Every structure is written in C-alpha cells, then in structure tokens.
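Q: Fold the following for me, if possible:
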Amino acid sequence: MTAAWITLAAAITTSLIGQVLLKAGASGSVAASAGFIDQLFRWQTVLGLGCYGGAALLYIIALRKIPMSVALPCTAASYVVIALIGWAVFGESLGVQKLAAIALICGGVVLLATTA
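A: Modelled structure (predicted):
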C-alpha cells in the first residue's frame, strides 16, 4: 500500500471519528434541550469539527497521487462503518434494506479501488 492510500485511509478514519463525535455532541438530554450555540460549543462537537478539518487536510494530501474520480468514491467506505457504529453505539436501526445498500456500497468501493 502506498503512502497516498494510507493517507486516504487516515482521512476516512479521521472523518469517521469526527462523525461519531458530532453525533455524540448532538445526543443526550443536555444536547436535546440545549440551543444551537450551546451544542456547537460542546467538547464533542468542537473536537468533531476539528477531526473534519484534519480529514480534509489528509484528503488533500492523498489527492496528490490518487485520482479524484477514485479517491472520493472510496470515502463511501465510511458510510458502511458509520451505519454499523450508529447501530452498535447509538441504537439506530439496521434493517434488510440498509444492509443491501451497504453491500452495494462495498461492491462499488472495491470495484473502484481496484481500477486505480
């Protein structure tokens, strides 16, 4: 695996962490009753936004060597992981239709990644 692909994987992972932190910042009894500004400055939200910024920087570095037409669709792998995290950590539903969609995403990402 080249450094560019490792960087892309790091960008995707950092984005995933940011997504989980943003959900954590938006969840719970405090967040539900808080206003937008209060929620914006919760530590989970601030850290989640920071992760998104870091992920964008890593993605830019990966784009130096990986074609955008391959790199961006590969980020769809995060949809799969986020769906599973949402189910396991936040109790979100994961029915047959979502599982079928996840399978299609996985197939598309693998197909695209092997064309580079």
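Q: could you point out the longest helix in this structure?
A: helix 3-26 (DSSP state H).
Q: which residues sit against it?
A: Contacts to helix 3-26, defined as C-beta atoms under 8 Å, 6 or more residues apart in numbering, come from residues 31, 39, 42-52, 54-56, 58-59, 61-62, 64-66, 71, 74-75, 77-78, 81-82, 85-86, 89-90. (C-beta placed from N, C-alpha, C; glycine too.)
Q: Per-residue pLDDT of the closest residue to Ala113 other than its chain neighbours, please?
A: The shortest distance from Ala113 to any non-neighbouring residue, by C-beta to C-beta, 6 or more residues apart in numbering, is to Cys74 (5.6 Å). Note on Cys74: pLDDT of 82.
Q: Repeat that for Ala31.
A: Ala31 is given a pLDDT of 55.
Q: which element follows the one helix or strand in the chain whose mean pLDDT sits lowest toward the C-terminus?
A: Ranking every helix and strand in the chain by mean pLDDT, DSSP states H and E puts helix 28-33 at the bottom, with a mean of 60. Once the chain leaves helix 28-33, the next helix or strand it forms, by DSSP states H and E, is helix 36-40.
Q: any weak-confidence spans in the chain?
A: 1, 28-34, 116 (pLDDT under 70).
Q: residues touching Val89, list them.
A: By C-beta under 8 Å, 6+ apart, the neighbours of Val89 are Val20.
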